[in-house]
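*Asks:* need coordinates for the below:
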Amino acid sequence: MNNSPLGGDNVVLLGLSVNQLEAFAVELGQPAFRGRQIHDWLYSKGARNIDAITVLPKVWRRYLHERGVIVGRLQEIKRVVASDETTKLLLGTTDGDNLETVAIPTEHRLTVCVSSQIGCAMGCQFCATGKGGFQRSLATNEIVDQVLSVREVMARRPSHVVFMGMGEPLMNSDAVLSAIRCFNNDLGIGQRRITVSTVGVPNSLHQLAERAIERLGRAQFTLAVSLHAPNQKLREKLIPTARAYPINSLLQDCRYYVSLTGRRVSFEYILLGELNDQLEHAEQLADLVGGFQSHVNLIAYNPIEGELFKRPSFNRVKAFQNVLETRGVAASIRVSRGLDQSAACGQLRRQHADTC
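*Replies:* Predicted coordinates:
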């Protein structure tokens with residue numbers, strides 16, 4: 001399948017802009033307003049298939065079926081709701097695989113944690129997604145569908161999107177940027193309410209900024225870099241791919257990203273009990289990220305069944321934060337959600353695979 005609106009069969013509609021859909025309709029001999037109708041039914045009404053777009057003439061719907069044109073929605077396989085109403089969805093793809101997305105509701109916002117790949121090749125030692133290996137990158141429609149599926153399940157409009165689910169977004173940057181465009185223009189979610197999280201891929205940060213400016217007109221989404229260690233030796237232990245991307249080079253690229261976009265970088269730091277949560281680690285981290293426009297998000301490890309990593313106490317997390325703030329580094333503690341229902345990335349997919 002492809003996301004091209006023109007020519008060929010097996011066109012996927014979800015993820016296309018109103019202009020692309022107008023061009024698609026005209027290419028197939030229909031007036032442009034048919035494209036606008038499709039756009040409305042995709043993004044406002046959440047149509048799941050061609051027949052659900054009842055505003056289109058039956059004859060044309062039949063023709064679209066014959067051409068292999070599909071909406072490109074996913075199917076819900078499993079839903080898990082935690083006591084704090086955090087909701088994880090396991091969604092099935094048309095090729096028989098599945099992916100995860102998580103809805104994180106509060107009184108005033110609904111955040112969707114989206115996946116950009118099925119599995120992950122980065123191999124982070126503390127991440128459930130990496131344990132299952134890498135299958136493939138997601139298409140634009142498969143990323144966009146996660147937000148639409150959450151909107152349907154939660155019966156409210158998502159306000160924020162974070163690319164912090166399964167996969168490494170910068171290994172699928174083309175589809176990620178296309179999805180961001182769709183979130184902005186078709187679903188009304190501003191770039192400043194979108195976060196792209198990366199563990200770090202060599203030579204990718206400046207390309208992300210430059211391509212975002214070229215394709216989206218600006219790069220106003222938040223970049224979150226997963227550090228998880230304050231020095232190269234410990235980072236390599238936790239993130240095997242860090243061997244190819246020294247931490248000093250990563251920080252240099254982050255500084256360039258800030259200069260190019262004018263947006264601060266957030267640094268994600270998962271605290272693993274008795275491993276990277278010592279006060280000396282906080283001092284090293286302050287030396288590493290101090291001095292430029294940044295912010296540190298501290299995250300207590302979300303336990304994974306069968307892994308030996310420990311979740312640190314709140315007092316240990318708070319002490320780590322105090323060291324950073326004393327050294328002039330802005331730091332916040334992310335509240336863990338969905339702990340009673342294994343809400344960490346990859347856990348639901350892993351559990352489903354074990355039972356099949």
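*Asks:* that's a strand at residue 329, yeah?
*Replies:* No: looking at residue 329 with DSSP: H, G, I helix; E, B strand; the rest coil, it is coil, so not inside a strand.
*Asks:* now it. Nearest residue, chain neighbours left out?
*Replies:* In space, and not counting its chain neighbours, residue 329 is closest to residue 286: 5.0 Å by Cβ to Cβ, 6 or more residues apart in numbering. Any C-beta I mention is one placed from the backbone N, CA and C, and that applies to glycine too.
*Asks:* SS state for that neighbour?
*Replies:* Following three-state DSSP, the label given to residue 286 is helix.
*Asks:* again, but for the one 10 residues further on
*Replies:* Reducing the assignment to helix, strand or coil with three-state DSSP, the entry for residue 296 is strand.
*Asks:* over to residue 100?
*Replies:* Residue 100 ends up strand, using three-state DSSP.
*Asks:* beta partners of it?
*Replies:* residue 90 (DSSP bridges).
*Asks:* before we move on, the earlier item: just give me the neighbour total for the residue nearest to residue 329.
*Replies:* Other residues lying near residue 286 total 20 when counted by other Cβ atoms under 10 Å.
*Asks:* with residue 109 instead?
*Replies:* 12.
*Asks:* same question, residue 242
*Replies:* 23.
*Asks:* backbone dihedrals for the residue found closest to residue 70 once you drop the neighbours it is linked to in the chain, please?
*Replies:* Counting by Cβ to Cβ, 6+ apart, the nearest residue to residue 70 once its immediate chain neighbours are dropped is residue 12, at 5.9 Å. For residue 12, the backbone dihedrals (degrees, to the nearest 10) come out as phi -100, psi 120.
*Asks:* wait, doesn't residue 12 sit right on residue 139?
*Replies:* Yes: using Cβ atoms under 8 Å, residue 12 is in contact with residue 139, at 6.9 Å.
*Asks:* could you report the pLDDT at residue 10?
*Replies:* Residue 10 is assigned 78 on the pLDDT scale.
*Asks:* nope, residue 235 is what I meant
*Replies:* Residue 235 carries a pLDDT value of 96.
*Asks:* ok so it is a helix residue?
*Replies:* Yes: assignment of residue 235 by three-state DSSP places it within a helix.
*Asks:* close enough to count as contact, it and residue 247?
*Replies:* Yes: the pair residue 235 and residue 247 passes the contact test of Cβ under 8 Å, sitting 5.6 Å apart.
*Asks:* overlap in contacts, those two.
*Replies:* 227, 229 (Cβ atoms under 8 Å, 6 or more residues apart in numbering).
*Asks:* more neighbours: the two, which one.
*Replies:* Between residue 235 and residue 247, counting by other Cβ under 10 Å, residue 235 is the more crowded of the two (24 against 20).
*Asks:* how about the more buried one: what's its closest non-neighbour residue?
*Replies:* Closest to residue 235 by Cβ to Cβ, 6+ apart is residue 229, at 3.7 Å.
*Asks:* the one you found touches residue 278, doesn't it?
*Replies:* No: contact criterion Cβ under 8 Å: residue 229 and residue 278 do not qualify, at 11.6 Å.
*Asks:* just want to know which of the two has more residues nearby.
*Replies:* Neighbour totals were compared for residue 229 and residue 278, and residue 229 leads with 24 against 16 (other Cβ under 10 Å).
*Asks:* which phi and psi does the more buried one have?
*Replies:* Per degrees, to the nearest 10, the backbone of residue 229 is at phi -160, psi 150.
*Asks:* so who does it touch?
*Replies:* Here residue 229 is in contact with 235, 237, 238, 239, 242, 247, 276, 281 (Cβ under 8 Å, 6+ apart).
*Asks:* repeat the analysis, applying 6 Å as the threshold.
*Replies:* With contact taken as Cβ atoms under 6 Å, 6 or more residues apart in numbering, residue 229 is in contact with 235, 238, 276.
*Asks:* can you give me the helices for this structure?
*Replies:* Secondary structure of the chain (DSSP state H): helices located at 18-27, 32-43, 58-66, 128-131, 140-154, 173-185, 205-216, 232-238, 247-261, 279-289, 314-326, 347-355.
*Asks:* how about the first one: buried residues?
*Replies:* The reference is to helix 18-27. Residues 18, 20, 21, 22, 23, 24, 25 are the ones in helix 18-27 that count as buried (16 or more other Cβ atoms under 10 Å).
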